[in-house]
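> Structure here, sequence nowhere to be found:
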Ligand SMILES: Nc1ncnc2c1ncn2[C@@H]1O[C@H](COP(=O)(O)OP(=O)(O)OP(=O)(O)O)[C@@H](O)[C@H]1O
């Protein structure tokens, strides 16, 4: 990878599921060390987009590079540098928290320590708990810890704080701020305006499988002639965003 190469480059992505066109035409360029938000209403195509970038879904059309790697062709190399937390964690339900963390750590040459990972997501007290006995928010926090196990240089987070209580949400925001300070590139799918404004350098507003606007949070507000990011979102998409986080 050359230094001018972006961390994430997605060009003209398209993906349909049978008759549903989930992603019509999405292009994104995320620079090294940047935190990029992806904002959109339910069904806008956000998860499908990030799943394609993570190599979990093949696009029907378009080109993707993550740190110069093709997510599907260079899957093994990409796994070493990319951390992914998705909405549905497919984890072994009968394993304890600590066992899952250690399993994920074993995939990487220089992983974060188990104690650090549990501390980052406030699950130290649950280390012996079996996965299926965790609350929804705890499962979500564990999936974030697993995404960070290998000290990834690029992290994809889908609905980082949806369903988390206010204290856990703030804790996650601190964790992202620390990753950012370490130069990690973050792609953050979110419904929460406050989160996007606080964490993201730039935001892509996606609607009906297309990028409607891509700018800094302040730039989006100015461009829409709005007073807040919330108002800018409504002005850009004609839709209001339920803040579920
Ligand atoms: N596996 C699938 N099979 C069929 N249709 C799907 C599948 N996954 C998503 N879709 C459809 O594709 C469209 C885009 O979905 P996607 O999950 O990418 O949107 P999203 O912006 O992430 O939504 P949300 O905010 O609700 O998570 C929706 O119409 C959805 O119903």
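Everything's here; your move. Please read these numbers as outputs of a predicted model, since none were measured by experiment. Numbering: from 1, shown residues only.
> Return the set of residues that bridge with the residue nearest the centre of the chain.
Note on the chain: the residue nearest the mean C-alpha position is residue 157, at 2.0 Å, using Cα atoms, centre = their mean. For residue 157, the beta-bridge partners under DSSP bridges are residue 85, residue 188.
> Could you number the chain from 22 rather than 1 from now on?
Let's use 22 as the start, then, which means that last one is residue 178.
> Quick check, it in contact with residue 205.
No. Judged on Cβ atoms under 8 Å, residue 178 makes no contact with residue 205 at a distance of 10.9 Å. All C-beta spots, glycine's among them, are computed from the backbone N, C-alpha and C.
> before we move on, the earlier item: contacts only, for the residue nearest to the centre of the chain.
Residue 178 sits next to 106, 165, 168, 197, 207-210 when contact means Cβ atoms under 8 Å, 6 or more residues apart in numbering.
> Highest neighbour count among those?
residue 208 (28 neighbours; other Cβ atoms under 10 Å).
> Surely that one is in contact with residue 176?
Yes. Contact status for residue 208 versus residue 176: in contact at 7.3 Å, counting by Cβ under 8 Å.
> List the residues that are in contact with both of those two.
Common neighbours of residue 208 and residue 176 (Cβ under 8 Å, 6+ apart) do not exist.
> just to revisit the earlier point, give the residues shared as contacts by residue 178 and residue 205.
Shared contacts of residue 178 and residue 205, defined by Cβ under 8 Å, 6+ apart, are absent.
> ok, which residues in this structure are in contact with the ligand?
Applying Cβ under 6 Å from any ligand atom, one finds that the chain approaches the ligand through 38, 41, 43, 61, 63-69.
> Among the residues you listed, which are located in helices?
Using DSSP state H, the subset of the residues of the chain next to the ligand located in helices is 67-69.
> For residue 228, list each beta-bridge partner.
Residue 228 has these beta-bridge partners by DSSP bridges: residue 231.
> Quick check: which ranges of this structure have low pLDDT?
By pLDDT under 70, the weakly predicted segments of the chain are 22-24, 108-111, 263-266.
> mind listing the helices for it?
67-74, 96-102, 118-126, 135-141, 157-169, 187-202, 214-220, 238-244, 250-258.
> For the ones you listed, state which one has the densest average packing.
Per residue and on average, the most neighbours among these fall to helix 67-74, with a mean of 25 (mean count of other Cβ atoms under 10 Å).
> same for that helix, what does it pack against?
Packing contacts for helix 67-74, counted by 3 or more Cβ pairs under 8 Å, 6 or more residues apart in numbering; DSSP states H and E, involve strand 29-38, strand 41-51, strand 56-60, strand 82-87, strand 175-179, strand 206-211.
> residues making contact with that helix?
Outside helix 67-74, the residues within contact range by Cβ under 8 Å, 6+ apart are 29, 31, 34, 36, 43-44, 47, 49, 59-61, 78-80, 83, 85, 87, 92, 107-108, 177, 179, 208, 210, 227, 230.
> just the buried members of those?
By neighbour count, with 16 or more other Cβ atoms under 10 Å, the contacts of helix 67-74 hold 29, 31, 34, 36, 43-44, 47, 49, 59-61, 78, 80, 83, 85, 87, 92, 107, 177, 179, 208, 210, 227, 230 as buried.
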